[in-house]
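Novice: missing the sequence, but the structure's below:
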């Protein structure tokens, strides 16, 4: 099982370590540093590193490496999943997960880690239960704590761990009972030079924020459940009911949670909401290149595309760029060669464009590689797959809750090749 | 410690955990409190106490903790029980003996039947951990009842618990296909879990149990379809998860390509994927490439070849070459793509492209030579040894079509000593090839290279090869031509395949570190302790009885007895069809044997000679063991020609195969005084029947003749039976009758039955005998390693037969030598868990290949032999041949 955990920042300092069994010396991380040196970028550090006596499994998030040490044959996915869960928990507790924040809250961090694993076995990983055990720090509580001398450790041990619905604590009370669901879809796509789609798929999630008194039993049904043939559920969803009736039936956890995630890969179902027209040319003779891109809406179902950002890694040979955007702001970093253009909203009447010239290294041959354009955007009130919630019902409690469904489409890994 | 303040209690406990070790005597004083807390009315306090107890790693204390732990294991509250279960594992880690003596293991086993799923999950997790350090103890003894309990708990426990339970289920072997199916049905819902580790563990269980399901079953198809979406979903997770998933998918795709054959697109590379994900995706893309999707794949690969990352670009270019070799229809397109890439003039792209084009030439000889001109243009830009060697190979191979081949090669020769060995060797061979093709103009060149290689080089490989060529050229240029310019065996289609047995084993380890490294755990887990060899379950249908391997040899000994065919009866008619008079037609044996020997010599010699050249394409990543080295150059360099013979991997050895002692085939009393005993033997490629004729009658016998009935392998006498002098009474004569296999064929039962008629001046006599199959094993039965893998995979599992060879005390080395003498060739040898695995091939005279895997456990007298063959009926006889050879 999981022996120890080391947190390492991008400059290679171990700033936190935690051991669940006997203590493993820090020197084990030297193997990790070696791998880190070999990989050119932090993202490229291999997640599984063998050492003579241990295995190091790591995840890289928020510019921090979370390195777990294991000694026996343990499913690596189990460890990696757990590490991601640790990061999620930190984020949940502190709002952001960064080195200074972890250092500031080091006591809470240790307390949380102690509760999450027992002898390497996961103990409490549900955020609900954890929050009952150890209260997340807030400004008010910090003030109160310093005055009264009390701490963040919960006075009672969590009751949720005993019940058959470990994800929900008992005795929940709210004055305003509400249940909100966000249907968020991300489009991952690769568009080739000519504008046709190479691959496109939708990663969808339904995130919920449920604040309901007592033990409510919810059912959620869809207009077109057939879209969902590849789904992963929160453990609270009754799988049998979904199999037979295509209805989500569940006792919800309290607070924020991810109800389900799904995947739509059938090509014809994935509408591509934007297009990018590009003309990037390098000439052999001159040290100038021309650059022009235009972004426009495609299949948007009448909704506005907002929050558009264009990112592109320019070839190493590009020294600088002098560009004029028709709207928004742009920057080019001559060191990392990263061009970023913050476009904002797309107005179909007046398409945003960015044109100008690139100055290239004099005398060098034209760059071999073509820059890929990475696109980010958002569309409110639209689930691009067409998924629609039909109704939400509540059983088991008498009151009438407020209900709400929100839809949003975003770009995931949306890439246009040039 | 005896405080009611929970936080204080926790802190004190925490303090104890960390400092008990340095102050064991003080820590003992805390025992009382633990004992007391373990009886607290609040179950959460009890659990906390038992949890902390286990973390105090002090021997003295542990003894005192047994009683409270025992109580907690039987606590009425499931939360306490589940915590106590983990505590047993902790205690076991500190003092294993104590745990066993106290009977905690049995209590833990009982907890598997607990009513609460969380308790079950933790008990399984604890037992698995303990079992890992005690491989021998049968802790997780699974039976249908406990499996049922686990499956019930599976639905209700936490995600982490599900992983433990699924991993535990994967170790179970269902008794038949029905049970396997019902388990699969109950595991399938786990594929929709949000936790990827749960998904992958479920995939492991399904992949393993699927092996037991019949392919005709509807359910089998449904299951295949259900497996694809979750695997695809894993690829949209974080990159670290993707990486582990991809390594596993790589295995799954090799085992069951049908699952993901339509999902090619999800493996397309995004430019900001981490490099470790990119390389894995690329590998899987090639594995999935087929005629249907090759156009898309090529377009993608071409795109990748213009990316920034050099390593990735190189791999992409190589991938194009692998596609060309794998999908024949795409070869042309691949070549033109590669040419396009060469035109980009990006140095490393050009070099990689030339390396793969060489492979394409090997696979499709005489098809794409038109591109050579383009390749030659880039000669100067090549600076990597591999690319230079590839280019030189191409020039040498197609020397007759390249006008200035001599100039090109000469230009390389200038800096001969600065080149790497690879290039030097290649240059030597290429110039010799050139010389053999254009002898007139290149004499000087070849002398130059031979002297460079033999006189000025310190490299023994190079020197030896130089000497061999030199002697060949000086003794017999014709032979040299035949050796050097002989047709090369085609390279196989699939590269980098994992050995089938290893693959099967790895499938059992899906989701573990083993699957990430593509090595069995024994190869890397420390000390190898706790590693139990796993294998896929054999397919067993509930309505069929399995054929136990023991039953197989039972019939053999009795069949050894020669039957004498009664002179009257239906058989007579059969035999009378045969003409006993004139000597047998057909090519004389001598020529055929010489031919065969010659071919072998060349083929084998060539393989070994060229073993160092880059023709063993794609060998670099190959996970399989090296081939059992043929008897390699033990002789001093001086004996040039005999060196060459040594290289022919024992083909020319005169020892011959095992010859069983003569047995009486025709007793005198049944043949009016003529007694015939005999045996079969194979020597240097020819089969013969050694006969001993004894005249036990009172009159002289003359006019002997022999004839065979049609038989399974077309055995026939290659010459007439020649008994020169008349056989006087009580005289014995020994005759060796050469046989060939060009006679007419009829399937016999048993397969190796031979019916013989012998005539003399008195009468015609009939008898039948069984010949040992190994006389039919031909000398060129050594299969190429790649070919072996591909064929093994290709032959359906139904054709696999397994046998036990008992009471044989040879070691692997001796076995392999012994078998080789009888033309059973060891292609590769591997050591798994201390067992030696020999991979062997043999070929019958009628061209049937038989592939074998022989598992030898040192110290144990019994071997396991698995045979795979497209004609499964021969397996039984091959097995008998093995047994005869090994036991004599």
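Specialist: Nice, thanks for sending it over. Predicted model only: the values in this text are computed from it and were never measured.

Novice: what's the closest non-adjacent residue to residue B:59?
Specialist: In space, and not counting its chain neighbours, residue B:59 is closest to residue B:95: 6.3 Å by Cβ to Cβ, 6 or more residues apart in numbering or on different chains. To be clear about C-beta, it is placed using only N, CA and C from the backbone, and glycine gets the same treatment.

Novice: touching, the one you found and residue B:60? I think so.
Specialist: No - the pair residue B:95 / residue B:60 is not scored as a contact, 10.4 Å apart, by Cβ atoms under 8 Å.

Novice: of these two, which one has the most company?
Specialist: residue B:95 (16 against 13; other Cβ atoms under 10 Å in any protein chain shown).

Novice: quick check on that one: phi, psi?
Specialist: Per-residue torsions, residue B:95: phi -150, psi 90 (degrees, to the nearest 10).

Novice: please tell me how far it sits from chain A.
Specialist: To chain A, residue B:95 is 14 Å away according to Cβ to the nearest Cβ, to the nearest Å.

Novice: kindly report the same for residue B:315.
Specialist: Per Cβ to the nearest Cβ, residue B:315 is found 14 Å from chain A.

Novice: let me see the residues that make contact with the strand or helix carrying that residue.
Specialist: Assigned by DSSP states H and E, residue B:315 falls within helix B:310-326. Helix B:310-326 is touched from outside by B:275, B:278-279, B:282, B:285-286, B:289, B:294, B:297-298, B:301-302, B:304-307, B:330-331, B:334-335, B:337-338, B:341, B:348-349, B:352-353, B:355-357, B:359-360, B:363, B:491, B:493-495, B:617-618, with contacts defined as Cβ atoms under 8 Å, 6 or more residues apart in numbering or on different chains.

Novice: can you give me the buried ones in that helix?
Specialist: By 16 or more other Cβ atoms under 10 Å in any protein chain shown, the buried positions in helix B:310-326 come out as B:312-326.

Novice: could you check which helix or strand contains the nearest residue to residue B:808 once chain neighbours are set aside?
Specialist: If the residues on either side of it in the chain are set aside, residue B:808 comes closest to residue B:886, at 5.0 Å by Cβ to Cβ, 6+ apart. Assigned by DSSP H and E, residue B:886 belongs to helix B:875-887.

Novice: stretch A:274-287 close to chain B?
Specialist: No - using Cβ under 8 Å from any Cβ of the partner chain, stretch A:274-287 stays clear of chain B, with a minimum separation of 12.0 Å.

Novice: for that stretch, give me every contacting residue.
Specialist: A:191, A:195, A:289-298, A:300, A:305, A:308, A:310, A:317, A:346, A:358-363, A:365-367, A:370-371, A:373, A:375, A:377, A:416, A:418.

Novice: who does residue B:682 bridge with?
Specialist: On the basis of DSSP bridges, residue B:682 is bridged to residue B:687.

Novice: pretty sure it sits against residue B:773.
Specialist: No - applying Cβ under 8 Å as the test, residue B:682 and residue B:773 come out as separate, 10.6 Å apart.

Novice: for the residue nearest to residue B:59, give me the pLDDT.
Specialist: Predicted confidence (pLDDT) at residue B:95: the value is 82.

Novice: got it, and residue A:410?
Specialist: Per-residue pLDDT puts residue A:410 at 92.

Novice: what of residue B:458?
Specialist: 82.

Novice: which helix or strand contains it?
Specialist: Counting by DSSP H and E, residue B:458 is found in no helix or strand.

Novice: so who does it touch?
Specialist: Contacts of residue B:458 (Cβ under 8 Å, 6+ apart): none.

Novice: what mean pLDDT does the longest helix along chain A get?
Specialist: When chain A is scanned for its longest helix (criterion: DSSP state H), the result is helix A:76-94. The average pLDDT within helix A:76-94 is 90.
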